[in-house]
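>>> I'd like to go over a predicted model; first the sequence, then the structure.
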Amino acid sequence: MSFTVTTEPRENRQLAVTIEVGQERVEKELRKAAAKVANQYKIPGFRKGKAPYHIIVQQFGLANLYGEFIDDFGQVIFREVITQEKIEPYAQSSLEDIQLEPLTYKLLVPLEPEIKLADYRAMRVEEDAPQIDEAQVEQRLEQYQDEFADWQNVERPAHFGDLLTVDVKSVIPGADGVEETIVLDEMDWDITLDEENPMEPAGFDRELLGMTAGETKEFVLGWPADSQSIYAGKEATFNVTVKSVQAYEKPELNDDFARLVGPDYETLEELKQSIHASIEDGERSRAKSQYTNKVLDTLVEASEIDFPPVVIEDQITGMMRDLDQRIRQIGIDGLADFLRRTNQDEEQYREQLRPEATKIALRNLVLSEVIKQEEFTIDDAEIEERIKQIVGVDEEGAISESGAALADLLRQGAGRNMILSQLLTEKAVNLLQAAARGEEVPAAKAKDSAGADATKTADAETTAGESAEADTES
């Protein structure tokens, strides 16, 4: 045998594997590495590729020869070992140590999680009814008012915050034969009266307070001697005619406002009813998602789950990858840029995500186990119906020409597996919710090959935290 293997179970579903490679096989690898070196480098006194093994060892060093093959060879040996020992890694193994004499690899192999589910058919979980607060309706109406707010002409005297359209001329009188200086000569000039950030010279905004449309006013203002203005220490005469006064106003809540929001509303009451229905749908969806998580967390708590640490690490990595994509959509150059801006490093952020990632990962594990135990199956008709929901259909209920290409992608390969995983996960979630409510649920099916194939696909997908997370975290 070209290697010997010893294994030692570790806690948290991990297996320590030590592989000692036989010297004869190591010698073969060393000589192959030496031949490669001889062809790549000029050895003094020998033509390329002709230097004997012991000369290459002297020139290049035995440790360097090991370095030529040790990583790739380790992967080859490991594949042979897991086949021989019938080890089924759950995820990529980690290398703990390498020794050269004798050549020994020490690895830590994560194994499939072991899950002993509690009796979820007998489990009961109280469900909270969705709560609709009428204040939410009023808040939505105010949002619509803000959306449709605009400048409106008013007949009253001008206040701070108003928008005035004015004609203004301002001059500094000449003296001792010097011509007058024109400071301003503007027609239809828009001015917003601002108490906190007034215009110069000081007092200009206040002089316009109380003026109404059509009114003309003349006044004198000056610039202090220490002003940064080119007119420092001088006074000017201002002649201002207000042509209009506008206030930024929200529309009144009436039937006209309802029609402004949308053509489907004839009255304010119809708009309120629509808002109420929309909020109710949102609250119902939120309550359903919360109940799903509550049921899953109850099942997690009651079950026995043993899993390798990589389950959580993979979930955290997936969450960070999703965040990176979302951040890029709003114009930030990825997660690394976001962390730099917020003075965080990657490891700190991973730790912040760990509690939530642990919850999600454990929910996914129990969902995967429910799918296994129930042996749910999905037929082509269900997959086709979901594809229609994703790509949309025309008036006849058929997939449109524009959606045909996407539909074809979803019918095969990764697209089909994604839909299969979603549908199986939904079936598991629906069964758990029904059982938790005390509703009658069908007995588990006997296992069959078709169900086993479908479950295998779903197990791979949901364990990765994709479809299950989408269902439980929406």
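Sure, I can see it.
>>> Not counting residues beside it along the chain, what's closest to the residue nearest in space to the middle of the chain?
Nearest to the mean C-alpha position of the chain, by Cα atoms, centre = their mean, lies Leu323 at 3.6 Å. Excluding the flanking residues, the one nearest Leu323 by Cβ to Cβ, 6 or more residues apart in numbering is Leu335, at 5.8 Å. Bear in mind the C-beta positions are built from the backbone N, C-alpha and C, glycine included.
>>> Kindly provide the distance from that neighbour to Thr317.
Noted for Leu335: a distance of 11 Å to Thr317, by Cβ to Cβ, to the nearest Å.
>>> the more surrounded of the two?
Leu335 (19 against 15; other Cβ atoms under 10 Å).
>>> residues in contact with the more buried one?
Contacts were defined as Cβ atoms under 8 Å, 6 or more residues apart in numbering; by that measure Leu335 touches 320, 323-324, 327, 346.
>>> Identify the farthest-apart pair in the residues you listed.
Ile327 and Glu346 (13.7 Å; Cβ to Cβ).
>>> Comparing the two, which residue is more hemmed in?
Using other Cβ under 10 Å, the more surrounded residue of Ile327 and Glu346 is Ile327, with 17 against 11.
>>> got the buried residues for whichever strand or helix holds that one?
For Ile327, the element it lies in under DSSP states H and E is helix 310-329. For helix 310-329, the neighbour count (16 or more other Cβ atoms under 10 Å) marks 310-316, 318-320, 327 as buried.
>>> which residue packs closest to Arg284, ignoring adjacent ones?
That would be Pro130: by Cβ to Cβ, 6+ apart, it lies 4.8 Å from Arg284.
>>> Pretty sure that neighbour sits against Ala287.
Yes - applying Cβ atoms under 8 Å, one finds Pro130 in contact with Ala287, separated by 4.1 Å.
>>> Now do the contacts for the residue nearest to Arg284.
280, 283-284, 286-287.
>>> switch to 7 Å and redo it
280, 283-284, 287 (Cβ atoms under 7 Å, 6 or more residues apart in numbering).
>>> With distance to Ile43 added, can I get the residues you listed in JSON lines?
Shown next, in JSON lines, are the contacts of Pro130 (distance: Cβ to Cβ, whole Å):
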{"residue": "Glu280", "distance to Ile43": "82"}
{"residue": "Glu283", "distance to Ile43": "78"}
{"residue": "Arg284", "distance to Ile43": "78"}
{"residue": "Ala287", "distance to Ile43": "76"}
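>>> In ChimeraX, select just the buried ones from those residues.
Buried subset of the contacts of Pro130, written as a ChimeraX selection, criterion 16+ other Cβ under 10 Å:
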select :283
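>>> Now, the contacts of Pro130 that are in helices?
Using DSSP state H, the subset of those located in helices is 280, 283-284, 287.
>>> and of these, the nearest to Phe78?
For these, the nearest to Phe78 is Ala287 (48.7 Å; Cβ to Cβ).
>>> any idea how far Gln131 is from that closest one?
In terms of Cβ to Cβ, Ala287 sits 8 Å off from Gln131.
>>> Now do the same for the residue nearest to the centre of the chain: its pLDDT.
Leu323 is assigned 93 on the pLDDT scale.
>>> Would you mind measuring from it to Asp345?
The value you get for Leu323 to Asp345, if Cβ to Cβ is used, is 15 Å.
>>> What number of residues are in the vicinity of Gln352?
Gln352, neighbours per other Cβ under 10 Å, totals 12.
>>> Show the pLDDT at it.
pLDDT at Gln352 comes out at 94.
>>> Then Gln139?
In this model, Gln139 carries a pLDDT of 92.
>>> ditto for Ala458
43.
>>> and what of the one 5 residues further on?
With respect to pLDDT, Thr463 scores 39.
>>> likewise Val261?
91.
>>> quick one: the strands in the stretch 251-400 of the chain?
Along the stretch 251-400 of the chain, counting by DSSP state E, counting those that start in this stretch, strands occupy 304-306.
>>> And the helices in it, which stretches?
255-261, 268-302, 310-329, 334-341, 346-374, 380-391 (DSSP state H, counting those that start in this stretch).
>>> Next: the stretch 51-200 of the chain.
Under DSSP H, counting those that start in this stretch, the stretch 51-200 of the chain gives helices at 53-60, 62-84, 134-148.
>>> Adding mean neighbour count and distance to Val370, write those out as CSV.
Output for the helices of the stretch 51-200 of the chain, formatted as CSV (neighbours: other Cβ atoms under 10 Å; distance: least, Cβ to Cβ, whole Å):
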stretch, mean neighbour count, distance to Val370
helix 53-60, 16, 58
helix 62-84, 15, 28
helix 134-148, 14, 35
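>>> between those, which one is nearest to Asn364?
It's helix 62-84; of the helices of the stretch 51-200 of the chain, that one is closest to Asn364 (Cβ to Cβ) at 24.7 Å.
>>> now the angle from that closest one to helix 53-60?
110 degrees (axes from the mean of the first three to the mean of the last three Cα atoms, to 10 degrees).
>>> Alright, I will stop here.
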